[in-house]
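1. coordinates only, sequence not included:
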């Protein structure tokens, strides 16, 4: 599943995805410059397809995280809006944000597996998405 395959979803789906990626970027208690750049690049270039739309999604995602009771609710929204292959691709994006600073913190690893499980992605698929994300980052 390619990232561009996620683009056919409406803004609500992309907003929920953006909120999840933002949560991953902050899950270890640090929001490094490398994570910020990776998140902005991912949003602007690949998901939102423009810097302005990417920034708007990021601002709206921050607001969404303030009103959602927990990440389980966010995962439920994604589970309802995306197919299983798309949800696997979402786990891959989570890994990319987690690895952006060169190190996957235990909190990040836990979060990727927890969200993957909530999205209905198997442990094997979560590990496979981790490998794919590692390969994509090495190519870039």
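-> Arrived safely, thanks for sending. In this text the structure is predicted, and so the values were computed from the model without any measurement. Numbers count the residues shown, from 1 in each chain.
2. please make it C-alpha for all contacts and neighbour counts, starting now.
-> OK.
3. before we move on, what SS does the residue nearest to the spatial centre of the chain have?
-> Against the mean C-alpha coordinate of the chain, by Cα atoms, centre = their mean, the closest residue is residue 21 at 3.4 Å. What DSSP: H, G, I helix; E, B strand; the rest coil gives for residue 21 is helix.
4. from memory it sits against residue 94, does it?
-> Yes - at 6.0 Å, residue 21 counts as touching residue 94 under the criterion of Cα atoms under 8 Å.
5. how about residue 64, what does it touch?
-> Residues counted as contacts of residue 64 (Cα atoms under 8 Å, 6 or more residues apart in numbering) are 16, 19.
6. the protein: strands as residue ranges?
-> Counting by DSSP state E, the chain has no strands at all.
7. so where's it uncertain?
-> Along the chain, the model assigns pLDDT under 70 to residues 1-11, 47-50, 69.
8. one more time with 90, if that's ok
-> Applying pLDDT under 90 to the chain picks out residues 1-18, 26-71, 73-74, 77, 81, 101-103, 136-140.
9. quick one: the helices in it, in order.
-> For the chain, applying DSSP state H gives helices covering 11-26, 33-41, 51-67, 71-81, 84-99, 106-118, 123-139.
10. any idea how far the third one is from the chain center?
-> Spelled out, it's helix 51-67. Offset of helix 51-67 from its chain centre (Cα atoms, centre = their mean, to the nearest Å): 13 Å.
11. with that, I have no additional questions.
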